[in-house]
Each structure stands twice: as structure tokens, then as C-alpha cells.
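1. no FASTA, just this:
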């Protein structure tokens, strides 16, 4: 069973990682820790390095818990929600785990919501963590 967990370094993504690890342990699954960036220009090298570091930390946390974990930094020109949904479908993921941030309705309308997109468009179940 493949479980994808969205990682962005936030506290909610760390909680999502913990829940994904519990599910992988319970169901004998493997994790795929994913971070998405819209672009990867030279000006964003610092952000890319930070994202890679966050992914390595997530992988280390999973492996310390005895769960196999691969990491994936997606820079494909899509927003995070689109990237996660597409990557999950391409890799036949059975479950997606994402953290959600509390945002007002107006905030969601103005800025969108990656988690909302994943919940509505994913081909598989989505587990959310607040």
C-alpha cells in the first residue's frame, strides 16, 4: 500500500507525517513524502535546499519508525494541490495524507486551498489533519 504525505515543513504537515507513519505501520505500507514547488529558478535555490532538507528529515522520521519512505521534490509548474493529485495518480497511491491550515472562507477564495483541491480531485481517499 502506497501512502503519499504532503510535506511543507509546517506543524500540520509534521502531524500529517506522524499519522501517515501510523497508517503505514498498521497496513504494512510504504510512504512517499512529497513537496511541491511551482518553479525552481536559481533565485529559489535557498527554498529548494530548505525543501530538500525538510524531506530528508521526514524520511529519517519515517525510517526511525520502521517505515520505508521515499522523497520527491516536485517542480513541475503546477500548484501544490495539482502536483499532489497528479503524482498520486501516476504512482497508484492508495491514500493521501495532508495537513490543513485553518483559513477563512474569504482567504480560501482569494488564495485557494491546496488541501481543498486534493480532497475534491484525488482518485483515492484523502486523510486530513488540522
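-> Nice, thanks for sending it over. Worth saying up front: this structure is predicted, and the values here are computed from it rather than measured.

2. residue contacts, residue 11?
-> Listed by CB atoms under 8 Å, 6 or more residues apart in numbering, the contact partners of residue 11 are residue 99. The C-beta positions use only the backbone N, C-alpha and C, and glycine is treated the same way.

3. Quick check: phi and psi on it?
-> phi -60, psi -40 (degrees, to the nearest 10).

4. what helix or strand is residue 60 on?
-> helix 45-64 (DSSP states H and E).

5. for that helix, packing partners?
-> For helix 45-64, the packing partners by 3 or more CB pairs under 8 Å, 6 or more residues apart in numbering; DSSP states H and E come out as helix 11-27, strand 30-37, strand 69-75.

6. Now do the buried residues in the longest one.
-> What that stands for is helix 11-27. For helix 11-27, the neighbour count (16 or more other CB atoms under 10 Å) marks 12, 13, 14, 16, 17, 18, 19, 20, 21, 23, 24 as buried.

7. do the same with stretch 70-85
-> By neighbour count on 16+ other CB under 10 Å, the buried set for stretch 70-85 is 71, 73, 74, 75, 78, 80, 81, 82, 83, 84, 85.
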